[in-house]
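[1] coords below, sequence missing:
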């Protein structure tokens, strides 16, 4: 079966094609976020997510209050999911994000290991479902060390409309430097199937991402579950 890429990937690919073929020349400003929302029929958070991926891959520059500007085709163009960074960056918009659960809890063994903590250690959990065309599209659980979460809203059930990355930087001057991801395929758990409205034995893509600062300290762990029948992840890289 052929599966269409998620909407944010479609936007990334469309902008990359337009930069490559000269439709968007180097140095010019991209259409506004609201214009892209109308053109692609996507929510603002989806457009912002696509633009952040383009920025991280070196296709564009983004200037606060001014917009996005074309840098050109990167010397090494790499097509990745950037799921962990995206989960950390994405602004939470009403109607597109549903907060499931937040607050302090005991981290499961795999999460505690990813955080660098002993099994059974407490952490702050922020779980949300991303919606696409009114249907659950992605389950994201962000886990934070207590000292990172202290003094922030990541453990509260209100939407963080500027995204967790900007929220942590604004309040605590914390900034991620690297994301380490691990991808696996498996069947959804009962809870995941319920939240994503999946049938029995539906395959999912599971991504566990560690968001690290410049000293390789863990700022957060993102546990991302994608329905296998809605998503595909692509990568390209030099063979030599």
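    That came in fine, so what should we check first? Computed from a prediction, not measured in an experiment: that's the story for all the values here.
[2] residue 104 touches residue 146, doesn't it?
    Yes - contact criterion C-beta atoms under 8 Å: residue 104 and residue 146 qualify, at 7.4 Å. Bear in mind the C-beta positions are built from the backbone N, C-alpha and C, glycine included.
[3] shared neighbours of those two, which are they?
    Taking C-beta atoms under 8 Å, 6 or more residues apart in numbering as the contact rule, residue 104 and residue 146 both touch 122-124.
[4] what's the closest of those to residue 98?
    Closest approach between those and residue 98, by C-beta to C-beta: residue 124, at 18.6 Å.
[5] thought the closest one was touching residue 104?
    Yes - with contact defined as C-beta under 8 Å, residue 124 counts as touching residue 104 (5.7 Å).
[6] tell me which of the two has more neighbours.
    Neighbours were tallied for residue 124 and for residue 104 using other C-beta atoms under 10 Å; the higher tally belongs to residue 124 (22 against 12).
[7] strands of the chain, start to end?
    All strands of the chain, identified by DSSP state E, fall at 60-63, 67-70, 97-106, 122-132, 135-144, 178-187, 203-212, 218-227.
[8] and the contacts of the first one?
    Meaning strand 60-63. Under C-beta under 8 Å, 6+ apart, the answer for strand 60-63 is 15, 19, 30, 51-52, 54-55, 68-71.
[9] picking that back up, save the strands of the chain as TSV, and put in mean pLDDT and distance to residue 91 too.
    Below are the strands of the chain laid out as TSV (pLDDT from 0 to 100; distance: least, C-beta to C-beta, whole Å):
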stretch	mean pLDDT	distance to residue 91
strand 60-63	88	13
strand 67-70	92	15
strand 97-106	94	8
strand 122-132	92	11
strand 135-144	91	13
strand 178-187	86	18
strand 203-212	90	16
strand 218-227	92	15
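[10] deepest of these, which one?
    The highest average neighbour count among those, using mean count of other C-beta atoms under 10 Å, belongs to strand 218-227 at a mean of 23.
[11] domain ranges for the protein?
    When the chain is parsed with automatic domain parsing, its domains come out as 7-70, 83-227.
[12] hang on, residue 203 packs against residue 184?
    No - using C-beta under 8 Å, residue 203 is not in contact with residue 184, being 10.8 Å away.
[13] look up how far residue 60 lies from the residue nearest to residue 31 when sequence neighbours are not counted.
    Counting by C-beta to C-beta, 6 or more residues apart in numbering, residue 31 lies nearest to residue 39, which is 7.1 Å off, once chain neighbours are set aside. If you measure residue 39 against residue 60 using C-beta to C-beta, to the nearest Å, the figure is 16 Å.
[14] dump the residue contacts of the nearest residue to residue 130 once chain neighbours are set aside.
    Once flanking residues are discounted, residue 130 sits nearest to residue 138: 4.1 Å by C-beta to C-beta, 6+ apart. Each residue near residue 138 by C-beta under 8 Å, 6+ apart is listed here: 6, 129-130, 132, 224-226, 231.
[15] go again using 7 Å as the cut-off
    Residue 138 sits next to 130, 224, 226 when contact means C-beta atoms under 7 Å, 6 or more residues apart in numbering.
[16] is it correct that the last one is in contact with residue 204?
    Yes - look at residue 226 against residue 204 with C-beta atoms under 7 Å: they come within range, at 6.2 Å.
[17] residues near residue 48, how many?
    Residues lying near residue 48 (other C-beta under 10 Å) number 23.
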